[in-house]
Structures are given as C-alpha cells and as structure tokens.
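In: Next one to model:
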Amino acid sequence: MKKKPVILVVDDDPLSLAMLESILQQEGCSPVTALNGHEAVQLLEQQPFDLVLSDMVMPVMDGMELLGQVLKRFPGTPFIAVTADGSVSGAVEAIRQGAYDYLEKPFNLDLLKITIQQALDYHRVVQENRQIRELLKERYTFQSIVTVSPAMKQTLSLAARVAAARATTVAIYGESGVGKEVLARAIHFASDAQPNRFVAVNCAAVPEHLLESELFGHVRGAYTGADRDRDGKFSAARGGTLLLDEIGDMPLSLQAKLLRVLQERVYEKVGSNTCCPAECRVIVATNRNLAELVAGGRFREDLYHRINVFPLTIPPLRERRDDIPLLCEHALGELRQHLGKSLPGISQKAMEMMLVYPWPGNVRELRNCLERAAILTDGELIRPEHLGLTSVSSDQAIVGDGVFTNYALKLPTGQLSLAALTNQILDITLERCGGNKSQAAKLLGIARKNFYRT
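Out: So this is what the prediction gives:
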C-alpha cells in the first residue's frame, strides 16, 4: 500500500488551517496542523515530514524564521511559503532564502494542487538520491575491498591516507580488471568531497577530436556542430572527483592543456578565452607503463611527473591468489541477492582450477566467470564445467604465487647424479625469477647461498 505523504500545515488562522487540511485529505495526503512556528518546530522534532506549507505572517515565530529552522535543522524538506495578496515581495525573499515555491491567498485550487504535487515529487527525488549516495558510499569503501594480500593491504593503507588530501593528484596503476575505478571511488567517498560528484572519463574511448570538449566543454560556434554552449566533465565534477581512466592514451596535444589545469587549477572551454576554475580532485588510472611511454616520446615527461605525485599500484590477481576464495565468496553473496538463488558454494575441484588459472582479466574476469557459473547452476555446487575456463595446461605449474612454464629436466643416459639434477632445478628457477637469487630461493624454500656454486 502506497504511503500517504505527510504534510505540516502552519497558519495562525484556524479557518485557513481547516480549509487546507480538508483539501490535502481529499488529495490523499496526511496533514498535520500547527498554529504557529514554535508548535511547528516541536512537531518537526517528533517526526519527519514530506513538506512544510506555512503562512509567512504569524505571531511568536513568523514564516521566515520557521523557514530558517527548517533549512538548518531539517535539510531536504521542501518549504512552500503562503502569503496574503499583495505580499509577493516577501514570498520572493523566501524563495531566495531557500523555499521551494510560494502560494498566494486566496488560493487558486488547481495551482495549489500542482505546486504541492511538484514539491512532493522534488522531496521524493531528493530522498532517493540520498539513499543512492548512501548505498554507493557503503559499497565503495576501503573496508569493502576484500583482501589478505600484504601488497594490496599496503595499497589500501596508502589510499586511505591520501583520501583526506583532496588537492593531491593520485595515479592508480594496474592491469585491466584489477579494480582501479573501484579504488578511485573508495578514495572519493572517503574524502569530504560531494558524494554525487564522481565523474569518470575513459580517455581511450572518446575520439581525439572530441576529448577536449568532453573534458572542458565548449561555447557555441567553437566548431562545426557546436550549436550551443556545453559544460564538460571538469564542470560536472566540481566539488568532487574526476577520474581520467586510460590516461596513457590521451593525445599529446591535449596533455599540455591538462598539465596547465593541474598546475594552475583553471581551464578554458573550447572556443573561449575565459578561465574557469578547476575545483575537483583529479585521479588518473592506466594499465600502461607511463615511464616507457615517456621514453618513447608518447607521453609528456612534465605531465608524468605532475600526475605521479601519489602513485598507487594494484597488483594483478595472479600475484595475490590467496584473495581468490575471499573474492569468490564476496561475489557469490552479491549474486545470491541479484539472481535470487541459493548458490551453496564452489566445489573443491572448481576452486583448485580457479587457484591455478592465470586470470588475465583479473577481478573483473573472476566476477564475470562466477556470474556465468551462477546462472548455469541450480541449487548445486559450482563445478569446473560451469566456470567455462580454459584449463591450466599440463606444461604449467604453480610455484609460490605464480604460474610458469614447467621446464623438462634433462636426464643423463648413464648414471644419475643428484647434484646435476639439483643444479638443473636451481638454473630453471633462477631463469624463472629473472636471475633474482633471493626470489628463487624463496620459491624453492632454500637458502640463498645454494645458488653460489663452483
């Protein structure tokens, strides 16, 4: 059953109060009445209201003072000012102070109904947006990023520290699918930025000739087809966070303009010479090696140093395999709610397959894999055939936390020598670790001195 909107009606004239109460009841509302501002404030303290409809001229506490109390103590509650004929200037001042609208006495019944309905619709949208923001804030927190990986925990610890420094540019590095945008959103919601002002732009997805307008906006006539002024993403993110994803794909011509924005905190719309303030934090993300792009002349060195103020690296999933069971349970919890299925869990063989799979698409691929499996299962454990993964081939093996090619040992035709076989294993592991003796020793569980052989 639809809940009736609750409206607080305030008027020192009992006849006017009774008339408004009757009209609102006929319109399917639940009116609550008060004869003055003080009484209205007491009622507001006792229960929430969807709308306040108040006369502006009252003894003890007038409508303007009541409006101030509503705006300060009960934000988001729309306020409609009611004035006598000829007092429009007072109503206009009320709107300037924050009232939703005003109505004149004697009432035009149709206008009264329309104005009240519009105010109630506005309040509903405000409430829904607040709920969505709270859900997003709860979803995108550092605590919601499940991990037992020391490297990932270090990244989250650093991210939590930089969240409060809203003027600091953050660079997030990591392969596709590791969760760079998730981390950027967590930084955003952990700061004191406006929660609804997180704006993401994929620099690789927007054509080069449109990217500048997408970021900075344009004025009418700036180029063919620009038939009106348009704000860009920097404007949309004002008071919040702008994520520039795939920053390594930004064209060189635009990199110089971005550098100026980051240094001087101003930008110009395309076709304009007027400076606009850049009032947002910038977070950049990339799956590319920017240092290599700089060396190859494909990324500006000065911009690289400017965006690399506070670098964060998210390790790939294959380097934190202990996180896979946690991520699976977290994803299954969401899928149970999304699909309305019991999803009892994952079989041992399926989990073993997931633990050795290299996950080139990282956490995103893992989530998609589980969603597919959850759709295919029906009240049973997820099995290997549900996953749709290409099995790890027989020429691969797990060592430590990585997957690598299993080199064949060369057995002599004559007498076997344990020392010779041991040396082969040491050489294979050392090659796998790129000559790093400490890492090779750690993988084999032996002392580093074993790699110093005569």
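
In: quick one, phi/psi of the closest residue to Val148 other than its chain neighbours?
Out: Distances taken as CB to CB, 6 or more residues apart in numbering place Asp322 nearest to Val148, at 5.1 Å, with adjacent residues excluded. Using the backbone N, CA and C atoms, a C-beta is placed for each residue, glycine as well. As for Asp322, its main-chain torsions (degrees, to the nearest 10) stand at phi -60, psi -20.

In: distance of Asp322 from Gln154?
Out: Counting by CB to CB, to the nearest Å, the gap between Asp322 and Gln154 amounts to 15 Å.

In: try Ala447
Out: Distance from Ala447 to Gln154, by CB to CB: 27 Å.

In: the more surrounded of those two?
Out: Gln154 (13 against 8; other CB atoms under 10 Å).

In: quick one: the host helix or strand of that one to chain centroid distance?
Out: Here Gln154 sits within helix 150-163, counting by DSSP states H and E. In terms of CA atoms, centre = their mean, to the nearest Å, the centre of helix 150-163 is set 17 Å apart from its chain centre.

In: now that helix: mean pLDDT?
Out: For helix 150-163, mean pLDDT is 95.

In: okay, Asp427: pLDDT?
Out: Confidence score, pLDDT, at Asp427: 77.

In: Show me what the helix or strand harbouring it packs onto, helices and strands only.
Out: Here Asp427, judged by DSSP H and E, is contained in helix 418-432. Counting contacts by 3 or more CB pairs under 8 Å, 6 or more residues apart in numbering; DSSP states H and E, helix 418-432 packs against helix 437-444.

In: between the helix it packs on and helix 418-432, how many degrees?
Out: 120 degrees (axes from the mean of the first three to the mean of the last three CA atoms, to 10 degrees).

In: Remind me what helix 437-444 packs against, helices and strands.
Out: helix 418-432.

In: May I see the buried residues of the helix it packs on?
Out: Across helix 418-432, burial judged by 16 or more other CB atoms under 10 Å covers 426, 428-430, 432.

In: The residue nearest to Val148 contacts Ser149, doesn't it?
Out: Yes - here Asp322 lies in contact with Ser149, judged by CB atoms under 8 Å, at a distance of 6.4 Å.

In: who has more neighbours, the two?
Out: Ser149 (19 against 13).

In: The more buried one and Thr377, how far apart?
Out: Going from Ser149 to Thr377 by CB to CB gives 28 Å.

In: and Ala285, helix, strand or coil?
Out: Secondary structure for Ala285, judged by DSSP: H, G, I helix; E, B strand; the rest coil, is strand.

In: shouldn't it be in contact with Lys180?
Out: Yes - Ala285 is within contact range of Lys180, at 4.1 Å (criterion: CB under 8 Å).

In: Spell out which residues are contacts of both of those two.
Out: 172-174, 245 (CB atoms under 8 Å, 6 or more residues apart in numbering).

In: now those: which count as buried?
Out: By 16+ other CB under 10 Å, those give 172-174, 245 as buried.

In: and these as JSON lines, adding secondary structure and pLDDT?
Out: JSON lines is the format used below for those (DSSP: H, G, I helix; E, B strand; the rest coil; pLDDT from 0 to 100):
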{"residue": "Ile172", "secondary structure": "strand", "pLDDT": "98"}
{"residue": "Tyr173", "secondary structure": "strand", "pLDDT": "97"}
{"residue": "Gly174", "secondary structure": "coil", "pLDDT": "95"}
{"residue": "Asp245", "secondary structure": "strand", "pLDDT": "97"}
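
In: and the closest residue to Ala236 other than its chain neighbours, what are its bridge partners?
Out: Leaving out its chain neighbours, the residue that sits closest to Ala236 by CB to CB, 6+ apart is Val199, at 5.0 Å. Bridge pairing for Val199 (DSSP bridges) gives the partners Leu242.

In: Check whether Val199 really touches Leu242, as I assumed.
Out: Yes - contact criterion CB under 8 Å: Val199 and Leu242 qualify, at 5.2 Å.

In: These two: who's more crowded?
Out: Leu242 (26 against 19).

In: Any figure for the gap between that one and Leu327?
Out: Relative to Leu327, and taking CB to CB, Leu242 is found at 28 Å.

In: And Ala81, by the same measure?
Out: 54 Å.

In: ok, these two, which is more surrounded?
Out: Shown here are Ala81 and Leu327; by other CB under 10 Å, Ala81 has more neighbours (27 against 20).

In: which residues touch the more buried one?
Out: Ala81 touches 54, 56, 63, 67, 90-91, 94-95, 99, 101-103, counting by CB under 8 Å, 6+ apart.

In: Correct me if wrong, but it is in a helix.
Out: No - judged by three-state DSSP, Ala81 forms no part of a helix; its state is strand.

In: For Arg265, see how far away Glu214 is.
Out: 19 Å.

In: more crowded one of these two?
Out: More crowded of Glu214 and Arg265, by other CB under 10 Å: Glu214, with 19 against 13.

In: Name the nearest residue to Phe451, ignoring sequence neighbours.
Out: Going by CB to CB, 6+ apart, Phe451 has Lys437 as its nearest residue, at 4.5 Å.

In: Can you pull up the most central residue in the chain?
Out: Nearest to the mean C-alpha position of the chain, by CA atoms, centre = their mean, lies Arg185 at 3.4 Å.
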